[in-house]
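Enquirer: Pasting the sequence and the predicted coordinates here, then a few questions.
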Amino acid sequence: MLWIVLLLLVVLGLVGVSLYNRLVTARNEYRNAFAQIDVQLTRRHDLVPNLVEVARRYLQHERETLEAVITARSAAVDGLRNAAANVSDPVALEALSSVENTLAGALGRLMAVAEAYPDLKADQTMAQLTEELTSTENKVAFARQAFNDQVMTYNNARETFPGNLFAGFFNFSAAQLLQIESVAKRNVPQISLS
């Protein structure tokens, strides 16, 4: 009888270790996925000052738009730094989402204003920076999707039985999805066939 109890305890211990390791692995995977977002958002943030500097030469009467982009970029850099310091903090991720959406809106307004200046549109450096920014936006979207997939895997592991028993006991808190809206997605052109 003692052997059966010992065998049962060993099996339960192995299952517990396996579940714990699965939770740690899932948590590390979503943290790694956030690191990919960090890389792409940093690249985006690094492009913004160059874009503003090129636009500044042509948009002397659009100081407010340029300042809005610079302010939004600064807030986004701080938001990214705070979120990267603690990816598990839902408040930090929510704040990052908010400041990134503000930056996207400011960049959208800058691009809309730039359309009204043919010399700026024709500037080779502006065209190159705009292309790099578009490419980076796509990379951010892919990195965000990968992060959110990893968050879903982690949250499923911590919420399903018997993982939920270990998650609560070892303080594995729920992870937050990252929602960054795309300006292009929000401003879908309306087509009228009449």
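Expert: It's in.
Enquirer: What residues does residue 173 make contact with?
Expert: Contacts here follow Cβ atoms under 8 Å, 6 or more residues apart in numbering; on that basis residue 173 touches residue 88. For the C-beta atoms, the positions are set from N, CA and C on the backbone; glycine is no exception.
Enquirer: three-state assignment of it?
Expert: Here residue 173 is coil, with the state taken from DSSP: H, G, I helix; E, B strand; the rest coil.
Enquirer: With residue 31 as the reference, measure out to it.
Expert: Between residue 173 and residue 31 the computed distance is 13 Å (Cβ to Cβ, to the nearest Å).
Enquirer: what residues are shared contacts of those two?
Expert: Shared between the contact lists of residue 173 and residue 31 (criterion: Cβ under 8 Å, 6+ apart) are residues residue 88.
Enquirer: quick one: low-confidence ranges for the chain?
Expert: Scanning the chain for pLDDT under 70 picks out 182-194.
Enquirer: And for residue 23, the neighbour number?
Expert: For residue 23, the number of neighbouring residues by other Cβ atoms under 10 Å comes to 18.
Enquirer: Residue numbering should commence at 27 henceforth.
Expert: Got it, the first residue is 27 from now on, which makes the last one we talked about residue 49.
Enquirer: quick one: what helix or strand has it in it?
Expert: Per DSSP states H and E, residue 49 falls inside helix 28-84.
Enquirer: List the buried residues for the next helix or strand after that helix?
Expert: Tracing the chain past helix 28-84, the next element assigned as helix or strand by DSSP H and E is helix 89-111. Of the residues in helix 89-111, those with enough neighbours to count as buried (16 or more other Cβ atoms under 10 Å) are 91-92, 94-95, 98-99, 101-103, 105-106, 108-110.
Enquirer: Measure how far helix 89-111 is from the centre of its chain, please.
Expert: Its chain's C-alpha centre lies 14 Å from the corresponding centre of helix 89-111 when counted by Cα atoms, centre = their mean, to the nearest Å.
Enquirer: Please apply the same query to stretch 66-78.
Expert: The chain centre lies 15 Å from the centre of stretch 66-78; the measure is Cα atoms, centre = their mean.
Enquirer: now stretch 34-52
Expert: Distance, stretch centre to chain centre, for stretch 34-52: 31 Å (Cα atoms, centre = their mean).
Enquirer: Give me the buried positions along it.
Expert: By 16+ other Cβ under 10 Å, the buried positions in stretch 34-52 come out as 45-46, 48-49, 52.
Enquirer: same thing with stretch 159-178?
Expert: Within stretch 159-178, the residues that qualify as buried by neighbour count (16+ other Cβ under 10 Å) are 159, 162-163, 165-166, 169-170, 172-174, 176-177.
Enquirer: Looking at the residues you listed, which is nearest residue 87?
Expert: residue 159 (22.7 Å; Cβ to Cβ).
Enquirer: in terms of contact, does residue 163 touch residue 70 like I think?
Expert: Yes. Using Cβ atoms under 8 Å, residue 163 is in contact with residue 70, at 7.2 Å.
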